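Enquirer: The following block contains a protein sequence and its predicted model.
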Amino acid sequence: MKTQTIDYIITGRRQRKRRWFTITGTLAALAFLLMWAMLLLGNTIYPVQDVLRVLMGEQVSGASFAVGTLRLPRMLAGVLAGFAFGMAGNTFQTMLRNPLANPNVIGITSGSSAAAVFCIIVLQADNTVVSIAAMIGGLVTVLCLYFFSLSKGKSFSIGRVILVGIGIQAMLNATVSYLLLIGDEQDIPAALRWLSGSLNGIQMDEITPLLVIVLIFAPILIVLGKQLSILELGEQSATTLGVRTNQVRVALILSAVGMIALSTATTGPIAFVAFLSGPIAKRLVGAGMSNVIPSGLVGINLVLASDLIGQFAFDVRYPVGIITGIIGAPYLIYLLIRMNRKGDL
């Protein structure tokens, strides 16, 4: 009987591993196809061999500018931002054990956006200053969120975090609206680009800081993926299983906020990508395996697919944030209704 139980556990683990690798590989393959679609499609559709020559550094008439200057930075920004939004959103949702606890809803993205808009409109700063300010704005928002979520007894409530986060988000959105009202006309378009969430006009020099941040923080989230899954069991269970909860939380929060903040500084707050990626990946992968990498891949697919839809599916071209907002808003309403019926709100 004992041997049968062990065999059953081993078989289940193998099945979960096989499913994880299959889903992750499929998501990666789909992301690869969407990346190529971003490079090939446009006002002019270039053959694959011309795109490959441009990527190898050759000068190809017409294709070098369209692919190398316009499409390649746009595609790379979509990949890096989608990966960052997906991983960071899943981190907050898992750590706080609530699908509403994502950077868009609890105000972290709004903090980064408010700081970026302030630098653009008031300080008229360059991209480097804007990026640094966006990261600081996200971190300050997290600190305020934690401080105001503590009760008199110093206990920590997930529900209180979400409610306080929604309030902070409303305050920060009001601040952004005020800055737009007092801003100069020439600064308003740049600020609106941050707020809509767009890949338009991305330059290669904006990709490098985002790439560095992702290369630094993404491995941290991946390595801590197992501890993140244990944190979902609760504080006492995680401590019993040997997880240093305070240290792990600090590392997860700093990594996730860093990725969210700089992604927001580069592309603007692309709506609902951080919100949708984790639940979609969890549904695909199933329980028992780390959800970090699949969430990042889902984020890439959402951003690239939405950008392609925004560019080519309508008579007017829409920013990627508009399309992801259209996709994510109904899911948010459905989730609120379901959680209210279950008594989780």
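Expert: Right, received. Where do you want to start? Numbering: from 1, shown residues only.
Enquirer: Met87: what's its closest spatial neighbour, skipping adjacent residues?
Expert: Nearest non-adjacent residue to Met87, counting by C-beta to C-beta, 6 or more residues apart in numbering: Gly296, 4.3 Å away. No exception for glycine: its C-beta is placed from N, CA and C like everyone else's.
Enquirer: now Val161
Expert: Distances taken as C-beta to C-beta, 6+ apart put Ser149 closest to Val161, at 4.6 Å, once the chain neighbours are dropped.
Enquirer: what does Met95 give?
Expert: Using C-beta to C-beta, 6+ apart, the closest residue to Met95 is Leu231 (5.4 Å).
Enquirer: pretty sure the one you found is touching Thr245, no?
Expert: Yes. Assessed by C-beta atoms under 8 Å, Leu231 is found in contact with Thr245 at 6.7 Å.
Enquirer: ok so, going back, isn't the residue nearest to Val161 up against Ile168?
Expert: No. With contact defined as C-beta under 8 Å, Ser149 does not reach Ile168; the gap is 10.1 Å.
Enquirer: Quick check: neighbours shared by Leu231 and Thr245?
Expert: Common contact partners of Leu231 and Thr245 (C-beta atoms under 8 Å, 6 or more residues apart in numbering): Ala238.
Enquirer: who touches the residue nearest to Met95 in this structure?
Expert: Applying C-beta under 8 Å, 6+ apart, the residues near Leu231 are Thr94, Met95, Ala238, Val243, Thr245, Val248, Arg249.
Enquirer: The residue nearest to Met87 and Ile220: what is the separation?
Expert: 13 Å (C-beta to C-beta, to the nearest Å).
Enquirer: The two - which one has more neighbours?
Expert: Gly296 (31 against 16; other C-beta atoms under 10 Å).
Enquirer: so what does the helix or strand of the chain with the lowest mean pLDDT touch, helix or strand wise?
Expert: Here the helix or strand of the chain ranked lowest by mean pLDDT, DSSP states H and E is helix 235-240, holding a mean of 73. With contacts defined as 3 or more C-beta pairs under 8 Å, 6 or more residues apart in numbering; DSSP states H and E, the packing partners of helix 235-240 are helix 225-231, helix 245-267.
Enquirer: Which of those helices has the highest mean neighbour count?
Expert: Each of these was assessed for mean neighbour count using mean count of other C-beta atoms under 10 Å. The highest is helix 245-267, with a mean of 23.
Enquirer: which parts of the helix or strand just after it are buried?
Expert: Beyond helix 245-267 on the C-terminal side, the first helix or strand identified by DSSP states H and E is helix 273-285. By neighbour count on 16 or more other C-beta atoms under 10 Å, the buried set for helix 273-285 is Val273, Ala274, Phe275, Leu276, Ser277, Gly278, Pro279, Ile280, Ala281, Lys282, Leu284, Val285.
Enquirer: now stretch 46-57
Expert: Here stretch 46-57 shows Tyr46, Asp50, Val51, Arg53, Val54 as buried, counting by 16+ other C-beta under 10 Å.
Enquirer: Which residue, other than its chain neighbours, is closest to the fourth one?
Expert: Okay, so that is Arg53. Of all residues not flanking Arg53 in the chain, Val60 sits nearest, at 5.3 Å (C-beta to C-beta, 6+ apart).
Enquirer: any idea of the pLDDT on the closest residue to Thr267 other than its chain neighbours?
Expert: Nearest residue to Thr267, sequence neighbours excluded (C-beta to C-beta, 6+ apart): Ala81, at 4.5 Å. pLDDT, Ala81: 92.
Enquirer: got a list of what Ala81 touches?
Expert: So Ala81 contacts Leu210, Ser263, Thr266, Thr267, Ile270, Val273, Val303 (C-beta under 8 Å, 6+ apart).
Enquirer: and the two most separated of those residues?
Expert: Greatest spacing in the contacts of Ala81, by C-beta to C-beta: Leu210 and Val273 (14.5 Å).
Enquirer: Tell me how many other residues crowd Pro219.
Expert: Using other C-beta under 10 Å, Pro219 has 11 other residues around it.
Enquirer: What residues of the one helix or strand it maps to count as buried?
Expert: In this structure, Pro219 sits in helix 204-223 according to DSSP H and E. Residues Glu206, Ile207, Pro209, Leu210, Ile213, Val214, Phe217, Ala218, Ile220, Leu221, Ile222 are the ones in helix 204-223 that count as buried (16+ other C-beta under 10 Å).
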